[in-house]
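In: Build me a model:
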Amino acid sequence: MTQRPPETSSSAGVSRRRFLQGSGTALAAGVTTSEASSSAGPAAAPRLSGEVEVTFQLNGEARTALVEPRTTLLSLLRHHLSPPLTGTKEVCDRGNCGACTVQIDGAPAYSCLTLAVDLAGRSVRTIEGVGSPESLHPVQRAFCEQDAAMCGFCTPGFVVATVAALEQEPQASLERVKERLSGNLCRCGTYPHIFAAVQEVTGQRTDEVFREEGR
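Out: This next block holds a predicted model:
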């Protein structure tokens, strides 16, 4: 029987046995280090806690509020003010329907997607700042006269968005009005009445709206 010669070191490097022994040692060390890292877990993420003071203009008055960084403008209006401003409605709470529309620096915005801490130094206008039962805004009056409200959940958002649109474009065409209000949804389907109210404010004939909508 032919015997295998003993494995010895040579000028070419270590023997096969020593190479395998060294590789095993390195692998074991790597596994140990990896397990130690895994047991330690990921670095803890910084936690945001406490309240932040925010000063802003609300319907023409300076207001200061203490809110958590996660608080939305919608939540601030409805739950963190005294008295609360509940005219801004919470419906989808994910920026899909426009029922919570307010004006921020004159532009319509979804309050459910706006963080309250981002309001510092800015101006907010809600439906309460548009008009009151004793002194209706022309848009509010037109909504009443044209029966543009059904369940009413979408109405404040539509009024605020309409006021913003007509303040920027007083003589906007019907198509332009539709474009400007496309971010607001009415689940009751009162769009013809809403557009008729808008057209009444702009001085155009309301019957054209109903003919176009097939009414």
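
In: From residue 196, how far out is the residue lying closest to residue 169 once chain neighbours are set aside?
Out: Nearest non-adjacent residue to residue 169, counting by C-beta to C-beta, 6 or more residues apart in numbering: residue 176, 6.5 Å away. Quick note: C-beta positions are derived from backbone N, CA and C, even for glycine. Applying C-beta to C-beta, to the nearest Å, the value for residue 176 to residue 196 is 16 Å.

In: which stretches of this protein form helices?
Out: Under the criterion DSSP state H, helices of the chain are mapped to 16-40, 73-79, 138-145, 155-168, 174-180, 191-202, 207-212.

In: any idea how far residue 73 is from the residue most central in space within the chain?
Out: Central residue of the chain (C-alpha atoms, centre = their mean): residue 113, 1.8 Å from the mean position. Computed with C-beta to C-beta, the distance linking residue 113 and residue 73 is 9 Å.

In: Neighbours of the residue nearest to residue 169, how many?
Out: By the measure other C-beta atoms under 10 Å, the count of residues near residue 176 is 12.

In: wait, isn't it in contact with residue 166?
Out: No: using C-beta atoms under 8 Å, residue 176 makes no contact with residue 166, being 10.2 Å away.

In: Report the residue ranges of every domain in this structure.
Out: With domains defined by automatic domain parsing, the chain comprises 51-129, 131-215.

In: CA-only coordinates of stretch 178-187, as CSV, when you get a sec.
Out: Taking only C-alpha atoms (Å, rounded to 0.1, in the frame of the first residue of the first chain), the coordinates of stretch 178-187 have been written out as CSV:
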residue,chain,number,x,y,z
LYS,A,178,-63.8,72.6,-11.7
GLU,A,179,-60.0,72.3,-12.0
ARG,A,180,-59.5,74.4,-8.9
LEU,A,181,-62.0,72.3,-6.9
SER,A,182,-60.8,68.9,-8.2
GLY,A,183,-59.1,68.1,-4.9
ASN,A,184,-62.5,68.1,-3.1
LEU,A,185,-64.9,65.2,-3.3
CYS,A,186,-68.7,65.2,-2.6
ARG,A,187,-70.0,61.7,-1.9
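
In: The chain should start at 38 in everything you say after this.
Out: Sure thing, new numbering starts at 38, so read that last one as stretch 215-224.

In: Buried residues, it. List them.
Out: 217-218, 220-223 (16 or more other C-beta atoms under 10 Å).

In: and if you look at stretch 163-181?
Out: Buried, per 16+ other C-beta under 10 Å, within stretch 163-181: 163-168, 174, 176-177, 179-180.

In: and which of the residues you listed is nearest residue 146?
Out: residue 163 (11.1 Å; C-beta to C-beta).

In: what's the spacing between the closest one and residue 114?
Out: Counting by C-beta to C-beta - residue 163 and residue 114 are separated by 6 Å.

In: so what's in contact with the two at the same time?
Out: Contact criterion C-beta atoms under 8 Å, 6 or more residues apart in numbering; residues shared by residue 163 and residue 114: 122, 125, 139.

In: Next up, the contacts around the closest residue to the first one other than its chain neighbours.
Out: It stands for residue 122. Once flanking residues are discounted, residue 122 sits nearest to residue 114: 4.6 Å by C-beta to C-beta, 6+ apart. By C-beta under 8 Å, 6+ apart, residue 114 lies in contact with 121-123, 125, 139, 148, 163.
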